[in-house]
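Enquirer: dropping the sequence and predicted coords here.
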Amino acid sequence: MSGLSMYEGVMGAAFGRLDAAIQRFHRLRGKHLLRGDVHMEAPASRAAQVLALCIGSPRRQQQGAMEFELHANERSEVWIRRFPGHTMTSELKHAGGCLTEKLGCVQLQFDLEARDGELSMHLRKLHFWKIPCPKWLMPRVIAEEHGEGDRMMFRVSAALPFVGTVAAYSGHLVVPVEG
């Protein structure tokens, strides 16, 4: 055991440049239940709604309280997001120097970057039902986190050419203080 969290293992020294709340969140191990608030946007088109169904993301505009269940160890994490009226589950793994997320029938591969205390995830590759996505069809993904006191603020969106926004949500989770 290295003693490092999965995100520390992926990011190396750059992990230390993240806001304190982001570091605390990504160092959590075991099972945790966090609470916060979220604002979800509806997919932009009928095709986007079908894709949202395939990946398990919210399909209606809504806002309210959310619960986030985390099961974490140094090599993988399961994230269960309980949005108002919708649950979305993904599995994240450290593989090949990057972060891989399995979300429904989609597997995403991200590079992680720390800048000005924020965490940005940059999409490197995507497989849809194990079929690689061509570069010209790659979604534009925004996945960012920053800390404000005991809160981890997040913003996620994914939009495809010719289809529009498939998933978009933002909000915060209250991160437990260590000790």
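Expert: Everything's here; your move.
Enquirer: residue contacts, the residue nearest to L160 when sequence neighbours are not counted?
Expert: Nearest residue to L160, sequence neighbours excluded (CB to CB, 6 or more residues apart in numbering): P139, at 4.8 Å. C-beta coordinates here come from the backbone N, C-alpha and C atoms, glycine included. By CB atoms under 8 Å, 6 or more residues apart in numbering, the contact set of P139 is L123, L126, C133, A158, A159, L160, V166.
Enquirer: and the second one, how many neighbours?
Expert: Using other CB atoms under 10 Å as the criterion, L126 is surrounded by 21 other residues.
Enquirer: could you check how far P134 is from F128?
Expert: The gap separating P134 from F128 is 11 Å, by CB to CB, to the nearest Å.
Enquirer: okay, those two: which has more neighbours?
Expert: Each of P134 and F128 has its neighbours counted (other CB under 10 Å); F128 has more, 16 against 8.
Enquirer: so which residue is dead centre in this protein?
Expert: With distances taken as CA atoms, centre = their mean, A143 lies nearest the centre of the chain, 6.4 Å away.
Enquirer: beta partners for that residue?
Expert: Per DSSP bridges, the residues bridged to A143 are V156.
Enquirer: so for it, what's the pLDDT?
Expert: For A143, the pLDDT comes out at 97.
Enquirer: ok, R59 next?
Expert: 88.
Enquirer: check contacts around it.
Expert: A42, P43, Q49, A52, L53, H86.
Enquirer: report the buried members of these.
Expert: Taking 16 or more other CB atoms under 10 Å as the criterion, what is buried in the contacts of R59 is A42, P43, Q49, A52, H86.
Enquirer: which one of the residues you listed sits closest to C98?
Expert: Closest to C98 out of these is A52 (24.4 Å), distances taken as CB to CB.
Enquirer: ramachandran coordinates for that closest one?
Expert: Per-residue torsions, A52: phi -60, psi -40 (degrees, to the nearest 10).
Enquirer: tell me which helix or strand L173 sits in.
Expert: Element membership of L173, judged by DSSP states H and E, is strand 164-174.
Enquirer: residues in contact with that strand?
Expert: Defining contact as CB under 8 Å, 6+ apart, one finds that strand 164-174 is touched by 25, 34-41, 43-45, 48, 51-52, 55, 57-58, 66, 68, 83, 139, 148, 150-160.
Enquirer: low pLDDT regions in this protein?
Expert: Along the chain, segments meeting pLDDT under 70 span 1-2, 178-179.
Enquirer: quick one, strands of it?
Expert: Using DSSP state E, the strands of the chain run over residues 30-41, 62-72, 76-83, 86-95, 98-103, 106-115, 118-128, 131-132, 140-148, 151-160, 164-174.
Enquirer: nearest approach to A21 belongs to which of the ones you listed?
Expert: strand 140-148 (3.1 Å).
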